[in-house]
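> The sequence isn't on hand, but the structure is:
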């Protein structure tokens, strides 16, 4: 058995969850926040058999789409004093999903 951790944008969560549920996958949803952009994410925990992991990942890929590049202003400091604090544009990728797959040693549903 495997546990799939899928971190998706909040914008995509409803479509991903609906499609996974339609295909009879159990899902636990956690609201999370990205560390860099401080934007809302959803972390989905999906327990599945080893031979269904690729199906889960394919559904997530289909529903989340491709990553997109955007430009954001990130803070930077020039000099030693905080009075020189400002921002500078930086191009980052958003969207898509980040997926981790781990082995499950034991699973019980009580």
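Good, I have the coordinates. Nothing here was measured: the structure is a model prediction, and the numbers come from that model.

> how many neighbours does the residue nearest to residue 52 when sequence neighbours are not counted have?
Of all residues not flanking residue 52 in the chain, residue 25 sits nearest, at 7.7 Å (C-beta to C-beta, 6 or more residues apart in numbering). Quick note: C-beta positions are derived from backbone N, CA and C, even for glycine. Residues within reach of residue 25, counting by other C-beta atoms under 10 Å, total 18.

> so residue 25 makes contact with residue 56?
Yes - using C-beta atoms under 8 Å, residue 25 is in contact with residue 56, at 6.2 Å.

> which stretch of helix or strand covers residue 42?
Using DSSP states H and E, residue 42 falls within strand 40-48.

> Residues contacting that strand, please?
Applying C-beta atoms under 8 Å, 6 or more residues apart in numbering, the external contacts of strand 40-48 come out as 1-10, 12-13, 16-17, 20, 25-34, 55-56, 104, 107.

> switch the cut-off to 6 Å
2-4, 6-8, 10, 13, 25-30, 32, 34, 56 (C-beta atoms under 6 Å, 6 or more residues apart in numbering).

> For the residue nearest to residue 52, give its distance to residue 33.
25 Å (C-beta to C-beta, to the nearest Å).

> What's the ChimeraX line that selects buried ones from the contacts of strand 40-48?
Filtering the contacts of strand 40-48 down to the buried ones (16 or more other C-beta atoms under 10 Å) takes a single ChimeraX command:
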select :2,3,4,6,7,8,13,25,27,56
